[in-house]
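> Next one to model:
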Amino acid sequence: MAEFSPKDIIPRTSNIIDSVFNDDFFSPFLPLTTLGMPVTRGGGNLIPRVDVSETDKTVTVVAELPGIKREDVTVSVKGDVMTLRGQKKEMREEGAPGTTFHRMERSFGTFERSMRLPKDVDPDKVNAKYTDGVLTVTFEKKDKKEMQGKMITIGE
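Now for the predicted structure:
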């Protein structure tokens, strides 16, 4: 009789869980789980992860865009909304004749991500740089005097 070890069932359990929770199982629910963000097929969601930080003089947005070329990314600002758009092109590596792929998890496709910026950001004073798949967009804040507003005289 062979000895039983809990370690023996871990790989099998992992494979069972993977087969239940694969992309095909959840595909009808993806629009709900991504809160309206564009979704790609072919390995998963293509939604850039971002960090937004603020100092007393700037607001900085840092987005991870691994595998995406700088020329395939655009950043725009309209009002107080910044929109990040781009495309990760499929780079399917063809194997030798007779090669069978057992798993393809890399994401590809187009994406668009918009985020509201603080009201005191000056969209005309912005700097963007892209290095090693990381986009950094830094906005200067408006002068406090510009943000205070002014009194308006009411005519007769």
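> To what extent is Asp120 buried, counted in neighbours?
Neighbourhood size, Asp120 [other Cβ atoms under 10 Å]: 16. The C-beta positions use only the backbone N, C-alpha and C, and glycine is treated the same way.
> Give me the phi and psi for it.
Dihedral angles phi and psi of Asp120 (degrees, to the nearest 10) take the values phi -90, psi 10.
> Tell me the spacing between it and Ser114.
Per Cβ to Cβ, to the nearest Å, Asp120 is found 19 Å from Ser114.
> Tell me how many other residues crowd Ser114.
By the measure other Cβ under 10 Å, the count of residues near Ser114 is 12.
> Kindly apply the preceding question to Pro123 instead.
16.
> Could you shift the numbering so residue one becomes 19, and keep it that way?
From this message on, residue numbering opens at 19, which makes the last subject Pro141.
> Adjacent strands (with direction) for the host helix or strand of it?
Per DSSP states H and E, Pro141 falls inside strand 139-149. Paired neighbours of strand 139-149 in the sheet (DSSP bridges): strand 152-159 (antiparallel).
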